[in-house]
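>>> following is a predicted model, sequence given first.
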Amino acid sequence: MRILVTGGAGYIGSHTALELLAKQHDICILDNFRNSSPECLRRIEKLSGHHFSQITADVSDSEAMEGHLDAYRPDAVIHFAGLKAVGESAEKPVEYYDVNVSGTINLLRAMDRSGCRKIIFSSSATVYGRPEYLPFDENHPCAPENVYGRTKHMAEKIIQDWQGARSDSSAVLLRYFNPVGAHDSAEIGEDPTDTPNNLLPYVSQVAIGRRDRVSIFGADYETRDGTGMRDYIHVVDLARAHVAALELADRHQGTETINVGTGAGHTVREMIDAFSRASGRDIPYVVTDRRPGDIATSIADPSKAYKLMGWKAERTLDEMCTSTWAWQQRNPNGFRGPGHSNPTKNDVRQG
């Protein structure tokens, strides 16, 4: 199958690209490299042993999107490209709507022009907002509490309406929980270009000495140890969920919304302890006040993924931490190499 992967040089996109190439798909990666690196694509080619098409473009550029899809003529699109920092989305809401919502509209128009009728969309559990019950299933009401979550929910609705107007089309909307970990090769992994927005990359930078300590935002939640609990999923499991979603879209017309998580939760302290074991290093941390908008617990009900796609998460917490540490050790400055300057060591973030 010919597959266009938007944002394919990013964290989840790059791991998915490897899984697609392992299945002998013909892929084309489109990325603007705003939050990624061309070096990642070189490593994907090296690891996979396959050449693939590459396009430097932005989903916000409607003319470019139509031209590139006209030229490549994909059978399906996996749409990762977008902005994803919750805090930044509050500071730059118009930019987030432009990229995440308008960019999706541009992509769908280009798909129509090229005759492509299958899309897998990278969504987020942030669309649910505060839990009315747990674990979250796909029928839980959506009430996102931040700009990023609202852009993802709006893009979901647009894709659903696009599909509903085309009887020969299919869409799978994957709602991720908390992706972590890295490829077994330690050649690709999560590479924040600035202060990490997520917990585990921050912890790993503390472990390797790039940052001084982790901040735990609140230790008085109703969880096992008082710190926030999340459903963490290994990025390789998540990448394989996209392959399963592609196979579902190929045999099924309509729209399906599917959670991608493990169904289990780990607290911030448990994650720090697990990473300390994996790295053999102490992870200094401080407990500070809760952040506005944070919730105590977010856990997926992933049963629909197994029912419809035959997919379930397989990798353990120890594998998540061990692979992250291997990536961090081998690439202390990510894809930018040893000459890249270190961030300010006094920055602290829970993620």
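Right, received. Where do you want to start? Just so you know, these numbers come straight off a predicted model, no measurement behind them. Residues are numbered from 1 along each chain as shown.

>>> mind listing the helices for the stretch 101-250 of the chain?
Ranges of helices within the stretch 101-250 of the chain are 103-114, 147-164, 199-208, 235-251, based on DSSP state H, counting those that start in this stretch.

>>> hmm, who's touching the shortest one?
Contacts of helix 199-208 with the rest of the structure, by Cβ atoms under 8 Å, 6 or more residues apart in numbering, involve 178, 180-181, 190, 192, 195-196, 211-214, 230, 232, 268, 271-272, 275-276, 279, 281, 283-284, 320-321, 324-325, 327-329, 332, 343, 349-351. (Glycine included, C-beta is placed from N, CA and C.)

>>> do the same with stretch 316-325
So stretch 316-325 is contacted by 180-184, 186, 189-190, 200-201, 204, 207, 232, 234, 266, 270-271, 274-275, 277-279 (Cβ under 8 Å, 6+ apart).

>>> at 7 Å what do you get?
For stretch 316-325, contacts defined as Cβ atoms under 7 Å, 6 or more residues apart in numbering pick out 180-182, 184, 189, 200, 204, 207, 232, 234, 266, 274-275, 278-279.

>>> swap in stretch 81-88?
With Cβ under 7 Å, 6+ apart as the test, stretch 81-88 has contacts from 6-7, 59, 89, 95-96, 99-100, 103, 146, 148, 197.

>>> in strands, which of these fall?
residue 6 (DSSP state E).

>>> list just the nearest of the contacts of stretch 81-88 to residue 113.
The shortest gap between residue 113 and any of the contacts of stretch 81-88 belongs to residue 59, at 14.6 Å (Cβ to Cβ).

>>> how many neighbours does the residue lying closest to the closest one once chain neighbours are set aside have?
Spatially, and ignoring its direct neighbours in sequence, residue 59 is nearest to residue 103 (3.4 Å; Cβ to Cβ, 6 or more residues apart in numbering). Using other Cβ atoms under 10 Å, residue 103 has 25 neighbouring residues.

>>> isn't residue 103 up against residue 57?
No - the pair residue 103 / residue 57 is not scored as a contact, 10.8 Å apart, by Cβ atoms under 7 Å.

>>> buried set for the helix or strand of the chain with the lowest mean pLDDT?
None of the helices or strands of the chain scores lower by mean pLDDT, DSSP states H and E than helix 86-91, at a mean of 92. Using 16 or more other Cβ atoms under 10 Å as the test for burial, helix 86-91 gives 86, 88-89.

>>> next up, the contacts around residue 35.
10, 193.

>>> quick one: it is in a strand?
No - assigned with DSSP: H, G, I helix; E, B strand; the rest coil, residue 35 falls outside any strand and is coil.

>>> follow-up on the earlier one: the contacts of helix 199-208 in strands, which ones?
Mapping these onto strands (DSSP E) picks out 178, 180, 214, 230, 232.

>>> pLDDT of stretch 13-28, averaged?
Taken as a whole, stretch 13-28 carries a mean pLDDT of 98.

>>> and what of stretch 223-240?
Averaging pLDDT along stretch 223-240 yields 98.

>>> before we move on, the earlier item: what is the nearest of the contacts of stretch 81-88 to residue 114?
residue 6 (13.6 Å).

>>> burial count for that closest one?
Applying other Cβ under 10 Å, we find 28 residues neighbouring residue 6.

>>> you'd agree it is up against residue 30?
Yes - Residue 6 lies in contact with residue 30 (Cβ under 7 Å); the separation is 5.0 Å.

>>> so where's this protein uncertain?
For the chain, residues meeting the criterion pLDDT under 70 lie at 337-351.

>>> go again using 50 as the cut-off
Where the chain drops to pLDDT under 50, the residues are 339-351.

>>> is residue 77 in a helix, a strand, or coil?
Of the three states, residue 77 takes strand under three-state DSSP.

>>> from residue 103, how far off is the residue nearest to residue 163 when sequence neighbours are not counted?
Spatial nearest neighbour of residue 163, excluding adjacent residues (Cβ to Cβ, 6+ apart): residue 171 at 4.3 Å. Distance of residue 171 to residue 103, given as Cβ to Cβ, to the nearest Å: 16 Å.

>>> same check on residue 259?
Distance of residue 259 to residue 103, given as Cβ to Cβ: 24 Å.

>>> residue farthest from the centroid of this structure?
Distance from the centre of the chain peaks at residue 167, with 29.0 Å (Cα atoms, centre = their mean).

>>> show me the contacts for that residue.
For residue 167, counting by Cβ under 7 Å, 6+ apart, the contacting residues are residue 253.

>>> do you know how far it is from residue 115?
According to Cβ to Cβ, residue 167 stands 14 Å off from residue 115.

>>> buried set for stretch 117-134?
The neighbour-count check on stretch 117-134 (16+ other Cβ under 10 Å) flags 117-129, 134 as buried.

>>> ok, stretch 76-96 next?
Residues of stretch 76-96 classed as buried under the neighbour-count rule (16+ other Cβ under 10 Å) are 76-86, 88-89, 96.

>>> now do residue 317 against residue 210, distance only.
Separation of residue 317 from residue 210 (Cβ to Cβ) stands at 23 Å.

>>> please read the previous query as pertaining to residue 155.
Distance from residue 155 to residue 210, counting by Cβ to Cβ: 33 Å.

>>> which one's more surrounded, those two?
The neighbour count for residue 155 versus residue 210, taken as other Cβ under 10 Å, is higher for residue 155 (26 against 17).
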